[in-house]
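>>> just to be clear, the model below is a prediction. Sequence and coordinates:
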Amino acid sequence: MRLTVKVLNGDECTIAASPSSYVTDIKQQVAALMSIPIANQKLLYKGKPMTDNKQLSEYNIEGGSKLTVVARPGSASSADSVSKTVSSDTDVSAPVWTKLQTFLRRHYTEKDADLVLAEFRKDFNKGLASMSLDDIERLAASKIRGTGER
């Protein structure tokens, strides 16, 4: 089933889950897709807090339901800040993630495809967050020279 997860600041994403999924599974997907550390997340359903070790079926959550994430302030590193900025830039990255998701769903179950995509996004954001501005500038310059554009 598909669930919408909305952060109080307005960002939202759609995730795949099953009634037997645990709240911690949802938090892991939110961490990967929205770069909010699991320790800083508090999930709410219909305004009521959810417990990590409970399954979604215990809350009578059905497909199409909306969950709310309260992102508690925490010890977010600068790498987390960069990752959050990158993942929230949906205008540029959304087509890439959508195409990758479409490709993965041709070869895997919906649940597995979404898990692979979440891990890929997490690895991508970690790699980008570990790059310095000089690294990014060198990469951009080499790609511009490689395509013949200036």
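Done, it's in. Numbers count the residues shown, from 1 in each chain.
>>> biggest helix in this protein by residues?
If you go by DSSP state H, the chain has its longest helix at helix 110-129.
>>> what are the buried residues along it?
Neighbour-count burial for helix 110-129 flags 113-118, 121-122, 124-125, 128-129 (criterion: 16 or more other C-beta atoms under 10 Å). C-beta: built from backbone N, CA, C; applies to glycine.
>>> dump those residues into TSV; add distance to Gly146 and pLDDT as well.
Shown next, in TSV, are the buried residues of helix 110-129 (distance: C-beta to C-beta, whole Å; pLDDT from 0 to 100):
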residue	distance to Gly146	pLDDT
Ala113	31	86
Asp114	33	86
Leu115	33	89
Val116	29	89
Leu117	27	87
Ala118	30	87
Arg121	25	84
Lys122	28	85
Phe124	20	83
Asn125	24	79
Leu128	19	76
Ala129	24	76
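>>> helices along this protein, start to end?
23-34, 78-88, 90-107, 110-129, 133-147.
>>> out of the ones you listed, the one nearest Leu8 is which?
helix 23-34 (11.9 Å; C-beta to C-beta).
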